[in-house]
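> Let's see this in three dimensions:
(one chain, ligands or ions: 1)
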Amino acid sequence: MSAAPATADDFPYAGERFADLQMLRYQVHGFDQLTLQQKKYVYYLSEAALTGRDILWDQNGRYNLRIRCMLETVYTDYSGERTTDDFKAFEVYLKRVWFSNGIHHHYGCDKFVPGFSEDFLAAAVRGVDAAKLPLADGQTVDQLIYELFPVIFDPAVMPKRTNQADGQDLVLTSAANYYGAGVTQAEAEEFYLAQKEADTDLAHPVMFGMNSRLVRGTDGQLTENVWRSGGLYGAAIDRIIYWLELAKGVAETEQQKAVIAKLIEYYRTGDLRTFDQYTILWVQATEGMVDFVNGFTESYGDPLGMKASWEGMANFKDLEATRRTETLSQNAQWFEDHSPVDPRFKKPECKGITAKVIVAAMLGGDLYPSTAIGINLPNSNWVRAEHGSKSVTIGNLTDAYNKAAHGNGFQKEFVIDAPTLALINQYGDVCDDLHTDLHECLGHGSGRLLSGVDADSLKAYGSAIEEARADLFGLYYLADPKLVELGLTPNLDAYKAQYYTYMMNGLMTQLVRIEPGAEIEEAHMRNRALIARWTLAQAAAMAAQQGGKPAVELVQRDNKTYVQVNDYPMLRTLFGRLLAEIQRVKSEGDFEGARRLIENYAVQIEPQLHNEVLARYKALDLAPYKGFINPVYVVERDAAGEITDIRVTYDETYADQMLRYSREYATLPYINE
Ligand code: ZN
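Residues are numbered from 1 along each chain as shown. Now for the predicted structure:
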């Protein structure tokens with residue numbers, strides 16, 4: 001693994017696997033093409049994104065920073081045998097704790113159950129240099145063990161990071177560190193209700209409680225310890241400000257500089273009105289290549305949904321994807337004019353949209369290692385209503401998920417034969433991206449309602465029908481020679497990869513996400529089932545009528561079910577027919593037509609096939625959760641210390657990265673009161 005893999009296929013997307021986790025790497029493609037100033041900008045924002053790490057660890061639980069230090073010291077300094085079951089279980093436990101930024105599962109919120117004994121850990125802790133352990137003032141090693149071991153080993157102590165169980169005191173029973181000792185849910189709710197009632201600007205409410213820990217003061221009254229420079233987490237925030245100041249110095253536009261200046265002002269004051277002003281500036285700053293997320297953002301970790309965990313990300317525009325979507329947008333009218341729908345339902349003037357795709361350059365805080373594949377911010381409702389939001393997809397992360405999936409056996413299990421598998425390996429990713437682009441940039445924007453038709457006529461069926469319309473638009477055009485002409489598909493065969501995987505997903509593999517006995521409910525899943533099953537049924541009916549093989553069918557081989565496509569051009573014709581019908585349903589507001597399509601094709605699941613798919617998927621033993629190892633930016637300087645270039649490298653291991661972060665981004669004391 002070196003800085004520049006020879007080809008994309010050599011890139012080590014899939015990393016190590018442990019417990020229920022699979023580590024991946026993402027490629028920061030396009031970084032080398034940035035100007036030196038843009039590289040510096042990305043680099044400083046990356047440092048700012050990593051610097052808040054300890055804040056999140058402390059937010060996730062008050063003992064996390066000390067436990068991390070104790071475990072890491074054992075991991076690096078343990079002098080005993082490293083091949084014993086106890087040590088191996090200890091290593092897995094530490095890797096899980098790293099992944100979750102604390103001792104509770106990142107998704108399920110349950111405390112991890114160590115697979116090693118208390119005696120093993122106690123002996124290991126006693127065996128390392130006490131000076132490297134997170135001892136409180138005057139504390140002995142035995143006292144440390146006495147204090148921290150129940151937090152790790154006793155199932156009754158802090159069992160849940162964020163408890164959502166109805167009927168319990170969610171604040172008292174959650175281990176997350178957003179409320180001080182003894183603060184109850186009722187008290188916290190009362191405290192914030194009073195704040196809301198005292199607010200005079202009702203149309204522009206701030207996000208109360210977002211950036212503080214609510215604690216009981218010495219006088220017994222509740223008070224907020226605000227996360228700001230000079231306040232709680234101030235030491236970490238000052239370091240973040242340091243990197244943001246450097247970033248501001250190399251920002252591309254005056255607008256970007258104003259955004260960062262406002263964020264720094266907010267970090268200094270902790271003032272929530274300043275935060276709202278910052279997010280408005282952030283939404284408006286769309287010029288330039290580079291952008292970022294940095295701050296207290298999402299509130300899923302607070303059982304009351306107010307207090308925001310810290311996260312950071314540096315990113316820049318994905319020029320390749322943007323070029324692709326611009327090409328589609330510029331030709332929007334051609335696609336509209338040539339679509340197989342009734343001319344009455346077409347838009348006389350059609351404008352495509354350019355999808356916004358970004359490249360993640362660094363993930364930090366609550367976006368690391370487990371992350372989102374899109375950004376849709378800010379969260380303040382009135383800011384969104386009055387100033388809009390930024391909604392982007394993170395192309396290189398999606399890409400990494402896809403690429404890593406290639407070798408995991410999933411497609412080998414479900415794809416019918418080697419030639420089809422080869423086709424998918426060669427063209428699957430490019431066609432999948434393109435299908436998404438066609439769906440987003442053209443599909444949703446195509447067509448029109450007949451005058452007088454209510455946009456909500458299809459009611460509960462509306463969103464599945466709308467997704468099917470956009471998907472079909474994409475499927476139909478994926479096979480069009482126009483895409484080869486525009487340089488978007490490499491040849492007239494590539495589309496077959498997408499046709500096959502689309503049918504396989506819609507008929508079979510998407511069912512792995514549904515519990516046995518349940519129905520299909522989610523709109524995108526209904527849409528895919530509708531398209532795949534309608535097409536299957538039409539193909540069967542045509543074959544029954546005209547003889548010969550159906551265009552697509554389900555076949556049995558060695559007691560397993562597979563999709564077999566016999567006639568790809570006919571499959572395209574069928575997609576076109578369904579597109580015409582669904583556009584009619586939408587344009588005419590034909591509720592009964594929508595209901596029939598959805599209820600007949602998109603809801604019920606054939607239990608035998610479902611069970612078969614679930615069993616085959618389970619046998620693959622794939623990790624349910626994935627997360628990313630970050631790249632490393634190597635800064636080159638001249639004799640005077642000036643940065644001359646920055647290179648991106650990918651060869652740091654997961655454990656090395658975590659240990660390095662704990663050294664280089666150790667910004668907080670172990671105990672933050
Ligand atoms: Zn859509």
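> Can you give me the buried ones in stretch 561-578?
561-565, 567-568, 570-578 (16 or more other C-beta atoms under 10 Å). For the C-beta atoms, the positions are set from N, CA and C on the backbone; glycine is no exception.
> hmm, which two among those residues are most spread apart?
Spatial extent of the buried residues of stretch 561-578 (C-beta to C-beta) is set by the pair 561 and 576 at 26.7 Å.
> Which ones among the buried residues of stretch 561-578 map onto strands?
Assignment to strands by DSSP state E places the following of the buried residues of stretch 561-578 there: 561-565.
> what's the nearest residue to the residue of the stretch 501-650 of the chain found nearest the ion if we skip its chain neighbours?
Among the residues of the stretch 501-650 of the chain, residue 524 lies closest to the ion, at 7.3 Å counting by C-beta to the ion. Of all residues not flanking residue 524 in the chain, residue 467 sits nearest, at 5.4 Å (C-beta to C-beta, 6 or more residues apart in numbering).
> Can you give me the pLDDT of that neighbour?
For residue 467, the pLDDT comes out at 95.
> and the end-to-end length of stretch 122-139?
Start-to-end span of stretch 122-139 (C-alpha to C-alpha, to the nearest Å) is 16 Å.
> So for that stretch, what gets flagged as buried?
124-125, 128, 133-135.
> among the residues you listed, which two are most distant?
So, those by C-beta to C-beta: farthest apart are 124 and 135, at 15.8 Å.
> residue contacts, residue 43?
633, 635, 646 (C-beta atoms under 8 Å, 6 or more residues apart in numbering).
> Could you identify the buried members of those residues?
Buried among those (16+ other C-beta under 10 Å): 633, 646.
> Could you dump the contacts of residue 43 into CSV with distance to residue 53 added?
Listed next are the contacts of residue 43 as CSV, based on distance: C-beta to C-beta, whole Å:
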residue, distance to residue 53
633, 16
635, 20
646, 21
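> circling back to that earlier point, quick one, the helix or strand in which the residue of the stretch 501-650 of the chain closest to the ion is found and strand 560-565 angle?
For residue 524, the element it lies in under DSSP states H and E is helix 523-546. Between helix 523-546 and strand 560-565, the angle comes out at 70 degrees (axes from the mean of the first three to the mean of the last three C-alpha atoms, to 10 degrees).
> mind pulling up the phi and psi values for the residue in the stretch 101-250 of the chain positioned nearest to the ion?
Closest to the ion within the stretch 101-250 of the chain is residue 107: 25.1 Å, counting by C-beta to the ion. Per-residue torsions, residue 107: phi -110, psi -50 (degrees, to the nearest 10).
> quick revisit: assign the residue nearest to residue 524 to helix, strand or coil.
helix (DSSP: H, G, I helix; E, B strand; the rest coil).
> Pretty sure it sits against residue 525.
No - assessed by C-beta atoms under 8 Å, residue 467 is found out of contact with residue 525, at 9.3 Å.
> between the two, who's got more neighbours?
For residue 467 versus residue 525, the count of surrounding residues by other C-beta atoms under 10 Å is larger for residue 467: 22 against 19.
> how near is the residue of the stretch 501-650 of the chain closest to the ion to residue 649?
Going from residue 524 to residue 649 by C-beta to C-beta, to the nearest Å gives 37 Å.
> for residue 158, what are its contacts?
Residue 158 touches 61, 63, 103-104, 111, 151, 175, counting by C-beta under 8 Å, 6+ apart.
> ok, of those, which one's closest to residue 446?
Checking these one by one against residue 446 (C-beta to C-beta), the nearest turns out to be residue 104, at 45.9 Å.
> Show the contacting residues for that closest one.
60-61, 110-112, 158, 160-161, 175 are the contacts of residue 104 under C-beta under 8 Å, 6+ apart.
> make it 7 Å
60-61, 110-111, 160-161, 175 (C-beta atoms under 7 Å, 6 or more residues apart in numbering).
> Can you tell me the element the closest residue to residue 313 other than its chain neighbours falls in?
Closest residue to residue 313 apart from its sequence neighbours, by C-beta to C-beta, 6+ apart: residue 293 at 4.4 Å. Using DSSP H and E, residue 293 maps to strand 290-298.
> I'd like the mean pLDDT over that strand, please.
The model assigns strand 290-298 a mean pLDDT of 97.
> which other helices and strands contact it?
Applying 3 or more C-beta pairs under 7 Å, 6 or more residues apart in numbering; DSSP states H and E, one finds that strand 290-298 contacts helix 36-51, strand 309-317.
> Does the residue nearest to residue 524 touch residue 528 like I think?
No - using C-beta atoms under 7 Å, residue 467 is not in contact with residue 528; the gap is 8.3 Å.
> Not counting its neighbours along the chain, what's nearest the one residue sitting closest to the centre of the chain?
Residue closest to the mean C-alpha point of the chain, counted by C-alpha atoms, centre = their mean, is residue 372 at 1.5 Å. Using C-beta to C-beta, 6+ apart and skipping residues adjacent in sequence, the residue nearest residue 372 is residue 394, 7.4 Å away.
> Residue 407 too?
In space, residue 407 is closest to residue 14, 6.4 Å off (C-beta to C-beta, 6+ apart).
> For the contacts of residue 43, give me a markdown table that also has secondary structure.
Supplementary listing: those in a markdown table, determined by three-state DSSP:
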| residue | secondary structure |
| --- | --- |
| 633 | strand |
| 635 | strand |
| 646 | strand |
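> And the strands in the stretch 101-250 of the chain?
212-216, 222-226 (DSSP state E, counting those that start in this stretch).
> and residue 634, backbone torsions?
Dihedral angles (degrees, to the nearest 10) for residue 634: phi -100, psi 120.
> Look up which residues are beta-bridged to it.
Beta-bridge partners for residue 634, by DSSP bridges, are residue 647.
> For burial, what's the neighbour tally of it?
Neighbour number of residue 634 under other C-beta under 10 Å is 12.
> now do the one 10 residues further on
When counting by other C-beta under 10 Å, one arrives at 10 neighbours for residue 644.
> That one: what secondary structure?
strand.
> And the pLDDT for it?
At residue 644, pLDDT is 98.
> Residue 356 now?
For residue 356, the predicted pLDDT is 83.
> Residue of the stretch 251-400 of the chain closest to the ion, please.
For the stretch 251-400 of the chain, C-beta to the ion, closest residue to the ion: residue 355, 11.2 Å.
> Helices of the stretch 401-550 of the chain, residue ranges please.
410-414, 418-437, 462-478, 481-485, 495-507, 523-546 (DSSP state H, counting those that start in this stretch).
> need the contacts of residue 43 in CSV with distance to the ion, can you?
Below are these laid out as CSV (distance: C-beta to the ion, whole Å):
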residue, distance to the ion
633, 35
635, 41
646, 37
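> helix or strand for the residue nearest to the centre of the chain, which one?
Assigned by DSSP H and E, residue 372 falls outside every helix and strand.
> now the angle from the strand holding residue 293 to strand 212-216?
If you take the same axes, to 10 degrees, strand 290-298 sits at 20 degrees to strand 212-216.
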